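In: Below is the structure, and that's it, no one-letter string:
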């Protein structure tokens with residue numbers, strides 16, 4: 001049992017290490033461009049939403065995009081309303097990673113590791129060096145998932161683990177597990193990735209996987225709230241809007257949990273369970289954005305009334 005736990009921890013550490021470094025590398029490459037795009041193409045809520053989705057897909061981190069947005073709001077470069085659209089878009093962009101995880105690319109990770117290492121070895125320019133780092137970190141990320149996938153295989157025969165996983169069939173308990181895990185490891189992508197892996201190995205049902213995914217949406221709010229500390233009122237409102245949007249989305253998700261599960265099954269049309277969990281992540285976030293994007297003016301008025309700008 002200790003070997004299983006150590007292997008899972010090793011895979012998780014590799015995954016988190018890769019996500020962190022991949023995000024930093026891509027921010028170094030796209031950072032200035034990302035800020036320019038955010039400032040230039042956020043004239044209305046829908047263009048802001050699109051920018052948030054695209055840049056989150058490129059950076060593979062909704063937290064990174066929202067933190068960049070909070071910084072820009074704090075610098076009076078973006079308005080609170082523009083930031084709200086970006087936050088909603090970031091929630092769509094982050095679902096791309098779950099689709100990639102469900103593709104079973106882990107077994108090809110050594111190829112990416114080799115290509116990335118060779119590029120780093122021969123790199124003479126910063127551009128080639130960053131490309132090598134990006135490919136290498138993707139390889140490490142997929143290898144971490146592959147390590148966790150192999151590590152959880154023996155847990156199928158562990159009665160204690162099976163009993164514990166069965167508790168996630170209760171949507172509230174499953175969501176709580178997802179939120180706590182995400183709060184500890186500070187990565188909703190890792191939590192959703194683990195849910196996809198466990199479902200693939202038959203250790204968690206589609207119901208449990210979706211419940212854990214819902215909880216992960218809440219746990220990811222902590223780091224963006226930390227970014228608002230000592231910031232302006234506009235920046236604080238951006239962080240609070242992120243939390244409010246996720247809380248309301250999760251509330252609706254839990255309220256309509258079983259109809260949502262049936263919707264995922266219907267839209268997935270007999271897809272594998274891991275693909276269905278990834279689809280649930282994407283469908284949930286897209287539906288949440290479609291519901292709340294129309295209420296941006298309402299939330300803007302509410303937050304402006306609760307937290308009016310400080311007078312000079």
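Out: Thanks, I have the structure now. Quantities reported herein were computed from a predicted structural model and do not represent experimental measurements. Numbers count the residues shown, from 1 in each chain.

In: what ranges of the stretch 51-200 of the chain fall below the confidence cut-off?
Out: Scanning the stretch 51-200 of the chain for pLDDT under 70 picks out 60, 153, 155-162, 186.

In: hey, where'd the strands end up in it?
Out: Listed in chain order, the stretch 51-200 of the chain contains no strands at all (DSSP state E, counting those that start in this stretch).

In: where along it do the helices fall?
Out: Counting by DSSP state H, counting those that start in this stretch, one finds helices in the stretch 51-200 of the chain at the ranges 62-74, 80-93, 95-101, 109-122, 126-152, 159-166, 171-185, 188-200.

In: Just list the residues touching the residue lying closest to residue 44 once chain neighbours are set aside, thanks.
Out: Counting by Cβ to Cβ, 6 or more residues apart in numbering, residue 44 lies nearest to residue 85, which is 7.5 Å off, once chain neighbours are set aside. Where C-beta positions appear, they are placed from N, C-alpha and C, glycine not excepted. For residue 85, the residues meeting the contact criterion (Cβ atoms under 8 Å, 6 or more residues apart in numbering) are 42, 44-49, 51-52, 293, 296.

In: just to revisit the earlier point, adding distance to residue 217, write the helices of the stretch 51-200 of the chain out as JSON lines.
Out: As requested, the helices of the stretch 51-200 of the chain are exported to JSON lines (distance: least, Cβ to Cβ, whole Å):
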{"stretch": "helix 62-74", "distance to residue 217": "10"}
{"stretch": "helix 80-93", "distance to residue 217": "8"}
{"stretch": "helix 95-101", "distance to residue 217": "10"}
{"stretch": "helix 109-122", "distance to residue 217": "27"}
{"stretch": "helix 126-152", "distance to residue 217": "20"}
{"stretch": "helix 159-166", "distance to residue 217": "20"}
{"stretch": "helix 171-185", "distance to residue 217": "8"}
{"stretch": "helix 188-200", "distance to residue 217": "7"}
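
In: Relative to residue 25, which of the ones you listed is closest?
Out: Nearest of the helices of the stretch 51-200 of the chain to residue 25, taken as Cβ to Cβ: helix 126-152 at 4.8 Å.

In: Can you name every helix or strand that the closest one contacts?
Out: Secondary structure elements in contact with helix 126-152, counted by 3 or more Cβ pairs under 8 Å, 6 or more residues apart in numbering; DSSP states H and E, are helix 2-40, helix 109-122, helix 188-200.

In: mind running it again at 10 Å?
Out: Where contact means 3 or more Cβ pairs under 10 Å, 6 or more residues apart in numbering; DSSP states H and E, helix 126-152 is packed against helix 2-40, helix 95-101, helix 109-122, helix 188-200.

In: Compute the inter-axis angle for the third one and helix 126-152.
Out: So that's helix 109-122. Angle between the axes of helix 109-122 and helix 126-152 is 150 degrees (criterion: axes from the mean of the first three to the mean of the last three Cα atoms, to 10 degrees).

In: Please pick the buried ones from the contacts of residue 85.
Out: The neighbour-count test (16 or more other Cβ atoms under 10 Å) applied to the contacts of residue 85 identifies 42, 45, 47-49, 51-52, 293, 296 as buried.

In: Can you lay out the residues you listed as JSON lines showing secondary structure?
Out: JSON lines is the format used below for these (DSSP: H, G, I helix; E, B strand; the rest coil):
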{"residue": "42", "secondary structure": "coil"}
{"residue": "45", "secondary structure": "helix"}
{"residue": "47", "secondary structure": "helix"}
{"residue": "48", "secondary structure": "helix"}
{"residue": "49", "secondary structure": "helix"}
{"residue": "51", "secondary structure": "helix"}
{"residue": "52", "secondary structure": "helix"}
{"residue": "293", "secondary structure": "helix"}
{"residue": "296", "secondary structure": "helix"}
